[in-house]
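Engineer: any chance you can model this:
(one chain, ligands or ions: 1)
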Amino acid sequence: MYQATEFLLSFSGVAHLYFCFLFSDFYCKQRKVFRKVSQRLSLRFFAHFAVKKDCTIQKLYSVYLRTIMKQDKNSEKKNIRHLSVDQIEQYFEQIGEKKFRVKQVWEWLWLKHAHNFEAMTNLSKELRSHLAENFSLPALIVDTTQISEDGTVKSRFKTFDNHFVEGVLIPTDERKTACVSSQIGCSLSCKFCATGYMDRKRNLDYDEIYDEVVLLNQQSEKVYQKKLSNIVFMGMGEPLLNYKNVLKAIERISSPEGLGMSPRRITVSTAGVAKMIKQLGDDKVKFKLALSLHAANDRKRHEIMPINDTNNIASLIDALNYFYKQTENQITFEYILFKDFNDSLKDADELIKMYRQVPADLVNIIEYNPIDAAQFQKPEEETVNEFMRYLEKHKVNARLRRSRGKDIDAACGQLANKE
Ligand code: SF4
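Structural biologist: Predicted coordinates:
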């Protein structure tokens, strides 16, 4: 009986290891409770048999289990940046810490961008260790950086759970603009966009979006000796499908206790989620909004942007008018020109018609940047010029945006975490 039990336990231990290694992603994330119980039971029994039988394999297995249980404990700690200032205050009250410490910690977290508790040098050693024991402080780190011949800087950032997102610093004489990502991958599958061919892994948390901006700002100061002047949410992902995190990140970015940047210098670009555009209006946001339009009739737009199925042009016109009524914030149309698809004067007419139905201030006509996965082409220069002249003739405030950072795949629609 004793031997049979021992055999069963050894067998379950081997099975446990096998599943941990083979299905670690699924097993670890989706079956947390099961995993914990199985670990505790296995640890208890194996420790018992290891002592009784002095068996090396069982001893080693016990050590292994102890290590992963410790790792689990660390990953389960609450991210301190997910607490509000009131919640930190309450916590400090509970542990008998002085109130002025709350402000100090808050400053380290958001203003001074500390990424470990050790760095918080004006706190006592005891408080630093207490915080490290009870909270986590994960941060985005720069994984790789490439600099284009036109000065554009593309960075690949690594998250605490080993995902990658990209952010781009676009310098001009007047501006230093950060193009930031809001999701890891994207679910909207726009046909012209490299990110659209990736799976969406998860949303970025607001502290991760904030870190992206901080890191791009540091790069701007280092390379160009200037702070960021503008931020556009035009990187990877659909910002309005990560609504809460994007809004909270913008709140921190514009807070004096964060980066202190005016929301008027921030533009959120959407592929067109009508319901959430209205929500922005209800929330009376202060930042600008851009709509990635790219075709001003439903048939063509549906071909390149599947989201148009559920958010057609009529619903977008309605949502944009509502947004403007609530906020009076600037609205921009983004329109990439694709050869023989949306570059004719008839297409321009449709664009003009839509422009007149929405209080849009500006139409950005964007040069197409080829990607491996799609067959689109860039129109001839003369076609582009004719399109622009036609818009001008019809009093559309349109600007031609030339691509930046093409040589490092940093241009609009090219972000795909390539090596
Ligand atoms: S254009 Fe934007 S919304 Fe469309 S797939 Fe690319 S990242 Fe997603």
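
Engineer: contacts for stretch 217-231, please.
Structural biologist: 145, 147, 151, 153, 155, 169, 171, 174-178, 180, 213, 216, 253, 259, 261, 265-267 (Cβ atoms under 8 Å, 6 or more residues apart in numbering). C-beta: built from backbone N, CA, C; applies to glycine.

Engineer: give me the mean pLDDT for it.
Structural biologist: In this model, stretch 217-231 has a mean pLDDT of 97.

Engineer: same deal with stretch 105-122?
Structural biologist: 96.

Engineer: start to end distance for it?
Structural biologist: Stretch 105-122 has an end-to-end distance of 9 Å (Cα to Cα, to the nearest Å).

Engineer: for stretch 300-312, same thing?
Structural biologist: Start-to-end span of stretch 300-312 (Cα to Cα) is 11 Å.

Engineer: do the same with stretch 305-321
Structural biologist: End-to-end for stretch 305-321, by Cα to Cα: 21 Å.

Engineer: how about that stretch, does it reach the ligand?
Structural biologist: No - Stretch 305-321 stays clear of the ligand (Cβ under 6 Å from any ligand atom), getting no nearer than 6.7 Å.

Engineer: correct me, but Lys201 touches Phe164?
Structural biologist: No - Lys201 is beyond contact range of Phe164, at 9.3 Å (criterion: Cβ atoms under 8 Å).

Engineer: who touches both of the two?
Structural biologist: Ile184.

Engineer: just to revisit the earlier point, buried members of the contacts of stretch 217-231 into ChimeraX, please.
Structural biologist: Here is the ChimeraX command that selects the buried residues among the contacts of stretch 217-231 (16 or more other Cβ atoms under 10 Å):
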select :147,153,155,169,171,176,177,178,180,213,216,253,259,261,265,266,267
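
Engineer: in strands only, show me the contacts of stretch 217-231.
Structural biologist: Thr145, Ile147, Val153, Ser155, Leu169, Pro171, Lys176, Thr177, Ala178, Ile266, Thr267 (DSSP state E).

Engineer: for these, which one is nearest the ligand?
Structural biologist: Distance to the ligand across the ones in strands among the contacts of stretch 217-231 (Cβ to the nearest ligand atom) is lowest for Thr267, with 13.6 Å.

Engineer: and the closest one, what's its pLDDT?
Structural biologist: So, for Thr267, pLDDT stands at 98.

Engineer: next: Gln375.
Structural biologist: Per-residue pLDDT puts Gln375 at 86.

Engineer: residues from the chain in reach of the ligand?
Structural biologist: Cys186, Leu188, Ser189, Cys190, Cys193, Thr195, Gly196, Met236, Gly237, Glu238, Ala271, Ser292.

Engineer: what's near enough to touch Ser269?
Structural biologist: The contact partners of Ser269, by Cβ under 8 Å, 6+ apart, come to Val232, Phe233, Met234, Pro239, Leu289, Ala290, Leu291, Ser292, Glu334.

Engineer: what does Glu166 give?
Structural biologist: Lys154, Ser155, Arg156, Phe157, Ser181, Gly235, Met236, Ala410, Leu415, Ala416, Asn417 are the contacts of Glu166 under Cβ under 8 Å, 6+ apart.

Engineer: what of Leu247?
Structural biologist: Going by Cβ under 8 Å, 6+ apart, Leu247 touches Asp283, Val285.

Engineer: element containing it?
Structural biologist: helix 243-254 (DSSP states H and E).

Engineer: which positions in that helix come out as buried?
Structural biologist: Buried residues in helix 243-254 (16+ other Cβ under 10 Å): Tyr243, Asn245, Val246, Leu247, Lys248, Ala249, Ile250, Arg252, Ile253, Ser254.

Engineer: what's the closest of these to the ligand?
Structural biologist: Set against the ligand, the nearest of the buried residues of helix 243-254 by Cβ to the nearest ligand atom is Val246 (13.0 Å).

Engineer: quick check: the closest one touching Glu238?
Structural biologist: No - in this structure, Val246 is not within contact of Glu238 by Cβ under 8 Å, at 9.7 Å.

Engineer: so what sits against both of these two?
Structural biologist: In contact with both Val246 and Glu238: Ser182, using Cβ under 8 Å, 6+ apart.

Engineer: what's the closest non-adjacent residue to Lys191?
Structural biologist: Distances taken as Cβ to Cβ, 6 or more residues apart in numbering put Ile304 closest to Lys191, at 4.6 Å, once the chain neighbours are dropped.

Engineer: how many neighbours does the one you found have?
Structural biologist: Residues within reach of Ile304, counting by other Cβ atoms under 10 Å, total 21.

Engineer: list the contacts of it.
Structural biologist: By Cβ under 8 Å, 6+ apart, the contact set of Ile304 is Cys190, Lys191, Phe192, His294, Ala295, Phe338, Phe341.

Engineer: how is this structure divided into domains?
Structural biologist: As recorded under automatic domain parsing, the domains making up the chain are 2-75, 78-136, 141-408.

Engineer: most tightly surrounded among the ones you listed?
Structural biologist: Of all the domains of the chain, domain 141-408 has the most neighbours on average by mean count of other Cβ atoms under 10 Å, namely a mean of 19.

Engineer: chain center to it, what's the gap?
Structural biologist: Put simply, domain 141-408 sits 13 Å off its chain's centre (Cα atoms, centre = their mean, to the nearest Å).
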